[in-house]
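**Student:** After the sequence you'll find the predicted model.
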Amino acid sequence: MQSFRTEIENPIVEKDIIELEKKIRQFKEGQVDEEKFRSLRLARGVYGQRQPGVQMVRIKLPYGKVTSNQLERISDVADEYSTGRLHITTRQDIQIHYVDLERTPELWAQLEKDEVTLREACGNTVRNVTASETAGIDVDEPFDVSPYAQAVFEYFLRNPIGQEMGRKFKVSFSATDADTGLSYMHDLGFIAKIKDGVRGFKVMLGGGLGSQPRHADVLYDFLPSDKIVPLMEGVIRVFDRYGERKSRAKARMKFLLKDIGLEGFKVLLEEERLAVPVQSYPIDSENYPKPQLANLTSAFMEPVEGEEFESWKSTNIIPQKQEGYVAIGIKVLLGDFYTDKARELAKLVRDYAAGEIRLSLRQDILIPYVKEELIPFFYQELKKLDFTEAGYNKALDITACPGTDTCNLGIASSTGIAAELERVIKAEYPQYISNPDVVIKISGCMNACGQHNMANIGFQGMSIRTKDKLVAPALQVLLGGGNFGDGNGRFADKVVKIPSKRGPQALRLILDDFNTNGNGLSFADYYAKKGETYFYDFLKHLSSVDNLTAEDFIDWGNAEKYKKEIGIGECAGVIVDLVATLFFESEEKIANAEEALQAGKWAASIYYSYQSMVNSAKALLTAEKTKTNTHSSIIRDFDRLFVDTDKVILEGSFEDLVLEMNKTAPSKNFAESYLNTSKEVLRKFEAYRQLELQEA
């Protein structure tokens, strides 16, 4: 593998990309352990794929905003390094698949030419900051949340406090009380508010989906906007120290909140206050880039009329608060579209709109700033791209993760059943094409990337076994979830598990029953009225495996017999516990601390020094086969096993030494002193380890 050099002007970004290339070389040459390498590449957006020998690359696009130039750049990259298919995720990212690992640094370097990053799109990091796709144009918004989402993205990108947590951390911004950013299911969710003329946010903490969904707690009813960055830093610091690290199933923020409670979390948050380098972080929303509206305000167009056009207008045109403009929603089946259409779309919005699109949480595209008189023209142009299907953000607009198409964790096909359910709705329930009430979502496994357990009607990929021990693809049917606004929501109940091929029949029964007996209620209210038992009794006959046919053993979108195959999940990023590797990482942290110190970044330097000391303690505890589930337990157990027994001599306790960072405000003098302490800790701990090995 040949080394290469980038042409990136930003030296920090260039260093990052060159480091990835170096680590790939070392991995290929057997110098870097596979698990350690996995953690590193995940934090740089490179994710293992179900198919061997290729990678999925996730492109991080804060709050789903993509300029025309960026969309063209992404298209060029997808053609050069992948298959030309772009996949929109439920976190407003774009993924491309089937990428050669050795070409990922080149790919990243090409993207950065238009300020598009892969950094921290995967792994145990602060993931993509999501927001309402209508931010900035919403008729009901108190203010545009885009500048605040951008500020959070910039502040935490490459920030040492969020690089190696126990699990991922997700944050969202909602433009209005409708909470279209889904704050209640995020680690940290912000809902825009104005109080006494001051901009701020309602703050939700500790929500999550997965196999054990948890509704977020209200941390603040109102927090001024200049406090959101300091708050988020404090929250991440607490999560990094006290969050689970060993058991992946318990490593999210929601489990920490469940264990210690909201009041207990607030106590820990207060303890971090002094260590946070900024107590106020004003965000200059006034200088946030204004939309660059196109000069072309008229275009040649044939007269457009007819039922198809009117149907499209009724579902895909979104009013804007800016007079004379609308936004146009593009329904993207399963979030997949191709580079030829992406380039045409980029040109269209550059010439006739504001030169940008927004990717939505439902895997769709929104074009803001379209002049009302250009609606027929846009319809004609989008029709050429097959982008005029009615039903944007309606029941027909089904969300689905990639499932067994490409994901290691996929158990059953989510894309195949989603396509079939959309076909059923179009053919048999056309009234639902314009129905915004019923939300249908599908995931290929329990991890809920398709957000199935927050849907009105959800399906989760599973497998089912017959009495003869034959295995068939299955779906868990979930009902009754819903977003009720202002941080309030309900997670769906797991009602019944059925063979996958009976999914369309289940949908028909559910919709027929709702149509007959709903009596004007919303689906969520109707489900709440009837209850889980009613629907279980109603659907349980579909769960029988006594009469399966050969067709039931072939999953949707497949021709071959189903075989349950689950690879190694990479969402968490595996931590390596080899003692020598841990000490090596401690040395790297010290080098990072020195670099940050030289750059005048006192708080960053202090945190790197902190990480080095905890890592060094973890190395000795690992050698003793002691659990190292959390940073807090590492600190506590090191005192108990090494300091209190005089195996390692320190001036005072290890806890006092390490947590001095919480008792002293960040400064140059303290950063220098703390760095020297971390160097001395590493020297002592390595010496103890060497002596231990000699005596073994």
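**Tutor:** Structure received. Residues are numbered from 1 along each chain as shown.

**Student:** CA atoms of the lowest-mean-pLDDT helix or strand in the chain as CSV?
**Tutor:** Averaged element by element with mean pLDDT, DSSP states H and E, the chain has its least confident helix or strand at helix 34-42 (a mean of 79). Presented in CSV, the C-alpha positions along helix 34-42 are these (Å, rounded to 0.1, in the frame of the first residue of the first chain):
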residue,chain,number,x,y,z
GLU,A,34,-7.8,-5.6,14.5
GLU,A,35,-10.1,-4.5,17.4
LYS,A,36,-8.1,-1.3,18.0
PHE,A,37,-8.1,-0.5,14.3
ARG,A,38,-11.9,-1.0,14.2
SER,A,39,-12.3,1.6,16.9
LEU,A,40,-10.1,4.1,15.0
ARG,A,41,-11.8,3.7,11.6
LEU,A,42,-15.3,3.9,13.1
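
**Student:** isn't residue 385 right next to residue 341, touching?
**Tutor:** Yes. When contacts are counted by Cβ atoms under 8 Å, residue 385 is listed as touching residue 341 (4.7 Å). (Glycine included, C-beta is placed from N, CA and C.)

**Student:** per-domain residue ranges of this structure.
**Tutor:** Using automatic domain parsing, the domains assigned to the chain come out as 11-112, 130-287, 307-384, 399-553, 579-695.

**Student:** Would you mind giving the ones you listed as a markdown table with distance to residue 392 and mean neighbour count added?
**Tutor:** What follows is the domains of the chain, written out as a markdown table (distance: least, Cβ to Cβ, whole Å; neighbours: other Cβ atoms under 10 Å):
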| stretch | distance to residue 392 | mean neighbour count |
| --- | --- | --- |
| domain 11-112 | 13 | 20 |
| domain 130-287 | 11 | 20 |
| domain 307-384 | 3 | 20 |
| domain 399-553 | 10 | 20 |
| domain 579-695 | 43 | 18 |
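
**Student:** Kindly reformat the ones you listed as CSV containing distance to residue 293.
**Tutor:** Converted to CSV, the domains of the chain look like this (distance: least, Cβ to Cβ, whole Å):
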stretch, distance to residue 293
domain 11-112, 13
domain 130-287, 12
domain 307-384, 6
domain 399-553, 29
domain 579-695, 38
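
**Student:** between the ones you listed, which one is nearest to residue 295?
**Tutor:** Checking those against residue 295 by Cβ to Cβ gives domain 307-384 as the closest, at 8.5 Å.

**Student:** Can you check the distance spanned by that closest one, start to finish?
**Tutor:** Distance across domain 307-384, first residue to last, is 18 Å (Cα to Cα, to the nearest Å).

**Student:** thinking again about what came up before, tell me which of the domains of the chain approaches residue 122 most closely.
**Tutor:** domain 11-112 (4.3 Å).

**Student:** Need the distance between the two termini of the closest one.
**Tutor:** With Cα to Cα, one end of domain 11-112 sits 12 Å from the other.

**Student:** what do you get for stretch 232-252?
**Tutor:** Stretch 232-252 has an end-to-end distance of 15 Å (criterion: Cα to Cα).

**Student:** what's the spacing between that stretch and its chain's center?
**Tutor:** From the chain centre to the centre of stretch 232-252 is a distance of 16 Å (Cα atoms, centre = their mean, to the nearest Å).

**Student:** Please apply the same query to stretch 412-421.
**Tutor:** Between the mean C-alpha location of stretch 412-421 and the chain-wide mean there is a distance of 22 Å, by Cα atoms, centre = their mean.

**Student:** Going forward, the N-terminal residue is numbered 53.
**Tutor:** Sure thing, new numbering starts at 53, so read that last one as stretch 464-473.

**Student:** send the alpha carbons of it over as PDB?
**Tutor:** Output of stretch 464-473 as PDB, limited to C-alpha atoms (Å, rounded to 0.1, in the frame of the first residue of the first chain):
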ATOM      1  CA  ALA A 464     -34.400 -10.000   8.300                       C
ATOM      2  CA  SER A 465     -35.000  -7.800   5.200                       C
ATOM      3  CA  SER A 466     -36.400  -4.300   6.000                       C
ATOM      4  CA  THR A 467     -36.100  -2.800   2.600                       C
ATOM      5  CA  GLY A 468     -37.900  -5.700   0.900                       C
ATOM      6  CA  ILE A 469     -40.900  -5.600   3.200                       C
ATOM      7  CA  ALA A 470     -41.000  -1.800   3.100                       C
ATOM      8  CA  ALA A 471     -41.200  -1.800  -0.700                       C
ATOM      9  CA  GLU A 472     -44.000  -4.300  -0.500                       C
ATOM     10  CA  LEU A 473     -46.000  -2.400   2.100                       C
END
